[in-house]
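Asker: Take a look and give me a structure for this.
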Amino acid sequence: MHIYKGQLAAKIVLQVGNLKIQSLPRLVMIKCSTLVTWKKPPVGFFKLNSDGSSLNNPGRCGGGGIIRDHNGVFCEAFAFSFGFGSNTKAELFAVLEGLKICLQRNFRLLIVELDSQIILGWFYGGKGPP
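Answerer: Modelled structure (predicted):
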């Protein structure tokens, strides 16, 4: 991840309808790291992690995921193209494809992890898609 910070605030002065920039900020690139960890599911459970995205949102979209057991051992991975659509469509179709695979493989005790706040809201908020 890169964070850009201006050392000087740009001074913008509005003069009779004309926008003038008196001084531009100097940008400095700062590299930051964020530690992300994956936690194993409880004994007897499986975990489905899925994600999806769209090129240009909307645009060509696809998604995929991985399923692991309680030891963190790989069980299955998948990836699909979903045609034309939004990031939300790709995220939703990816988790649905993962759930289908879990049903086919009889992975009944399942924890699902995804990062789409919209889809999580549909699941937990009781409101379905528009």
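Asker: residues in contact with the residue most central in space within the chain?
Answerer: By CA atoms, centre = their mean, the chain has its centre lying nearest to residue 115, at 4.5 Å. By CB atoms under 8 Å, 6 or more residues apart in numbering, residue 115 lies in contact with 51, 91. Placement of C-beta: from N, CA and C, glycine included.
Asker: what do you get if the cut-off is 7 Å, keeping everything else the same?
Answerer: By CB atoms under 7 Å, 6 or more residues apart in numbering, the contact list for residue 115 reads residue 51.
Asker: how near is it to residue 50?
Answerer: To residue 50, residue 115 is 9 Å away according to CB to CB, to the nearest Å.
Asker: now swap in residue 123 and tell me
Answerer: Distance from residue 123 to residue 50, by CB to CB: 13 Å.
Asker: When these two are compared, which one has more neighbours?
Answerer: residue 50 (26 against 13; other CB atoms under 10 Å).
Asker: Within the helices and strands, which one has that one?
Answerer: Using DSSP states H and E, residue 50 maps to strand 46-54.
Asker: any idea of the mean pLDDT for that strand?
Answerer: Here strand 46-54 scores 96 as its mean pLDDT.
Asker: Buried residues in the longest strand along the chain, which are they?
Answerer: Taking DSSP state E as the criterion, the chain has its longest strand at strand 74-85. For strand 74-85, burial by neighbour count (16 or more other CB atoms under 10 Å) applies to 76, 78, 80, 82, 85.
Asker: same deal with stretch 45-65?
Answerer: Within stretch 45-65, the residues that count as buried by 16+ other CB under 10 Å are 46-52, 54, 61-65.
Asker: Pull the distance from it to the chain's centre.
Answerer: 8 Å (CA atoms, centre = their mean, to the nearest Å).
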